[in-house]
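**Q** Got a predicted model here, sequence first, then my questions.
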Amino acid sequence: MDQQTSNEDLFERAQRSIPGGVNSPVRAFRQVGGVPRFMQRAEGPYMFDVEGRRYIDYIGSWGPMIAGHAHPEVIDAVQRAATRSLSFGAPTADEIEIAELLRELMPAVEMVRLVSSGTEAAMSALRLARGFTGRDAIVKFEGCYHGHADSLLVKAGSGLLTFGNPSSAGVPADVAAHTLVLEYNNIAQLDQLFASRGAEIACVLVEPIAGNMNFVRGSAAWHQRLRELCTQHGALLVWDEVMTGFRVALGGAQQVYGIRPDLVVLGKVMGGGMPMAAFGGRADVMQQLSPLGAVYQAGTLSGNPVAVAAGMAQLRIVRRAGFHDALGETTRRLMQGLEQAAARHGVALRTDCQGGMFGLYFATDLPRNYAEVAKADLQAFKAFFHAMLARGVYLAPSMFEAGFVSSAHDAGVIDATLQAADAAFAELAAR
Ligand SMILES: *Cc1c(COP(=O)(O)O)cnc(C)c1O
């Protein structure tokens, strides 16, 4: 390695060729400030930057790396697939195998189509829901993220029953105008909306456990009501399990809540770290896709053989008996340890977790929606983030992101993290 290479130099150089120096905005450390770490390699629970520093990784590539980095079985599968072909652009037997496995792990998925990103999967599911129902309006919830398709970069309008406004420049107002935005976990709003506009709604898209506004659990009663209302009004219920799928439980949040959505959006874990995602669900709905039906959807690299090999290899690991029990236990131990360490130093911290996904809030109560997440202590979060990073623990650089634990995070790694946290909270308390 070039000894002169530093994160700072690379960040400066990157910004000359890449907007903001990054290929996805949150990597730029804007909320926490400072210089992003440029990574060189990763193994198990660790990532190593260009300066040779080691970090315990709690981002896991934002979710995919549930079996740890560079798992030998995944790497082996990728290498073998790569020697056969990087891309055929024609059907393969392995695509059928992963489709069958996804159906087995998620009963709501009767048929499935592979795509290359969660964004693409969510966008395709929306078009399918609109094509199937013949309706244009869609509903999403404040603080949920479903990728960056135009219809989904929308914030609430001026009133509850008014359609949304673009949350990004470049999204036409008349596209955003078909999206209604409600507050997460608010049953009264759901009732009110369906009572007045139920017949216009093609689908409701929701993260069952929200992971893009920190970690916010949908209440069981709210999910139940949403399922009932969609059924009553002929709207499709679309669960975006890009983050929660195979992560909060083997069968995803559907298994946690015992609710069956009409369509499911998948990604992250199912790609094993390669660009692969999927959408699936009711066979009668999925059969509306071309070439069978009138809803167009396609992809040059969809079902890419190397990505399918990585995804299959990782799904085979996570479906082994006890995988999620152990992962959930590790995550709970980490959360309890962090709460105890914070309490020792008089720092207000609450935590929540499910399977291998967690949330940390510098607040006295668990949040139920975006507004409550936004009330957490941002200054405390920033200080904690940097205090941990300096001690070799890499947390998400935003208090609006969830955290991830992998099966490679063993007891020693958790102990080391808690030791770092004890020192970090002491530093916070002394501010
Ligand atoms: C990450 C994510 C997406 C977008 O997936 P990309 O692969 O980044 O396009 C969509 N929905 C949810 C819930 C996600 O967490």
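**A** Nice, thanks for sending it over.
**Q** and the chain, which residues reach the ligand?
**A** Within the chain, the positions near the ligand by Cβ under 6 Å from any ligand atom are 117-119, 122, 145-147, 207, 211-212, 240, 242-243, 267, 277. All C-beta spots, glycine's among them, are computed from the backbone N, C-alpha and C.
**Q** which one among those gets closest to Arg368?
**A** Arg368 lies nearest to Glu207 out of these, by Cβ to Cβ, at 13.8 Å.
**Q** Helices of the stretch 1-150 of the chain, start to end?
**A** For the stretch 1-150 of the chain, the helices defined by DSSP state H, counting those that start in this stretch cover 7-17, 72-84, 93-105, 118-133.
**Q** Quick one: distance of the second one to the chain centre.
**A** I take that to be helix 72-84. 25 Å (Cα atoms, centre = their mean, to the nearest Å).
**Q** Pick out the residue of the chain closest to the ligand.
**A** Going by Cβ to the nearest ligand atom, the ligand is nearest to Gly118 of the chain, at 2.1 Å.
**Q** quick one, phi/psi of the residue lying closest to that residue once chain neighbours are set aside?
**A** Using Cβ to Cβ, 6 or more residues apart in numbering and skipping the chain neighbours, the partner closest in space to Gly118 is Gly267 (3.5 Å). Phi and psi for Gly267, reported as degrees, to the nearest 10, are phi -180, psi -150.
**Q** distance of Gly267 from Leu102?
**A** 12 Å (Cβ to Cβ, to the nearest Å).
**Q** same deal with Val306?
**A** Val306 is 18 Å from Leu102, by Cβ to Cβ.
**Q** Gly21 now?
**A** Per Cβ to Cβ, Gly21 is found 36 Å from Leu102.
**Q** quick one: which of the two has more around it?
**A** Leu102 (22 against 19; other Cβ atoms under 10 Å).
**Q** Model confidence for that one, exactly?
**A** Note for Leu102: predicted pLDDT of 98.
**Q** Wait, it touches Met270, no?
**A** Yes: if you go by Cβ atoms under 8 Å, Leu102 and Met270 touch, sitting 7.1 Å apart.
**Q** Which neighbours do the two have in common?
**A** Counting by Cβ atoms under 8 Å, 6 or more residues apart in numbering, the shared contacts of Leu102 and Met270 are Ala278.
**Q** what's the burial count for Met335?
**A** Met335 sits with 20 neighbouring residues when counted by other Cβ under 10 Å.
**Q** Now the residue nearest the centre of the chain, what are its backbone angles?
**A** Centroid-nearest residue in the chain, with Cα atoms, centre = their mean: Met243, separated by 3.0 Å. Met243 adopts backbone torsions of phi -90, psi -40, taken as degrees, to the nearest 10.
**Q** tally of neighbours for Asp325?
**A** 12.
**Q** Which residue ranges of the stretch 301-431 of the chain form helices?
**A** Secondary structure of the stretch 301-431 of the chain by DSSP H, counting those that start in this stretch: the helices cover 305-318, 323-344, 370-374, 378-390, 411-429.
**Q** quick one: which of the ones you listed is nearest Ile201?
**A** Smallest distance to Ile201 across these (Cβ to Cβ): 21.1 Å, for helix 370-374.
**Q** So, low pLDDT: which residues of the chain?
**A** 1-4, 160 (pLDDT under 70).
**Q** Now for the closest residue to Gly346 other than its chain neighbours: which residues touch it?
**A** Closest residue to Gly346 apart from its sequence neighbours, by Cβ to Cβ, 6+ apart: Ala429 at 5.7 Å. Taking Cβ under 8 Å, 6+ apart, we find Ala429 in contact with His345, Gly346, Val347.
**Q** among these, which ones are buried?
**A** Among the contacts of Ala429, those buried by neighbour count (16 or more other Cβ atoms under 10 Å) are His345, Val347.
**Q** Show me which of the contacts of Ala429 is closest to Gly311.
**A** Of those, the one sitting nearest to Gly311 (Cβ to Cβ) turns out to be Val347, at 39.5 Å.
**Q** Show me the domain layout of the chain.
**A** 7-70+322-429, 72-318 (automatic domain parsing).
**Q** start to end distance for the first one?
**A** Which is domain 7-70+322-429. 29 Å (Cα to Cα, to the nearest Å).
**Q** now swap in the last one and tell me
**A** Length of domain 72-318, first residue to last, Cα to Cα: 14 Å.
**Q** the strands in the stretch 151-300 of the chain, which residues?
**A** Assigned by DSSP state E, counting those that start in this stretch, the stretch 151-300 of the chain shows strands spanning 154-155, 165-166, 179-182, 201-206, 209-210, 216-217, 236-240, 263-266, 277-281.
**Q** Tabulate these in JSON lines, adding columns for mean neighbour count.
**A** JSON lines is the format used below for the strands of the stretch 151-300 of the chain (neighbours: other Cβ atoms under 10 Å):
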{"stretch": "strand 154-155", "mean neighbour count": "20"}
{"stretch": "strand 165-166", "mean neighbour count": "17"}
{"stretch": "strand 179-182", "mean neighbour count": "24"}
{"stretch": "strand 201-206", "mean neighbour count": "25"}
{"stretch": "strand 209-210", "mean neighbour count": "28"}
{"stretch": "strand 216-217", "mean neighbour count": "25"}
{"stretch": "strand 236-240", "mean neighbour count": "29"}
{"stretch": "strand 263-266", "mean neighbour count": "30"}
{"stretch": "strand 277-281", "mean neighbour count": "27"}
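**Q** a markdown table for these, including distance to Met65?
**A** Conversion of the strands of the stretch 151-300 of the chain to a markdown table gives the following (distance: least, Cβ to Cβ, whole Å):
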| stretch | distance to Met65 |
| --- | --- |
| strand 154-155 | 30 |
| strand 165-166 | 33 |
| strand 179-182 | 31 |
| strand 201-206 | 25 |
| strand 209-210 | 19 |
| strand 216-217 | 23 |
| strand 236-240 | 20 |
| strand 263-266 | 16 |
| strand 277-281 | 15 |
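**Q** closest one to Ile96 among the ones you listed?
**A** Nearest of the strands of the stretch 151-300 of the chain (Cβ to Cβ): strand 277-281, 13.4 Å.
**Q** who touches that closest one?
**A** 102-103, 106, 108-118, 120-122, 124-125, 128, 238, 242, 261-268, 270-271, 286.
**Q** got it, and stretch 151-164?
**A** Taking Cβ under 8 Å, 6+ apart as the rule, stretch 151-164 contacts 122-123, 126, 137-138, 140, 142, 145-146, 165-168, 171, 175-182, 189, 192-193, 196-197, 205.
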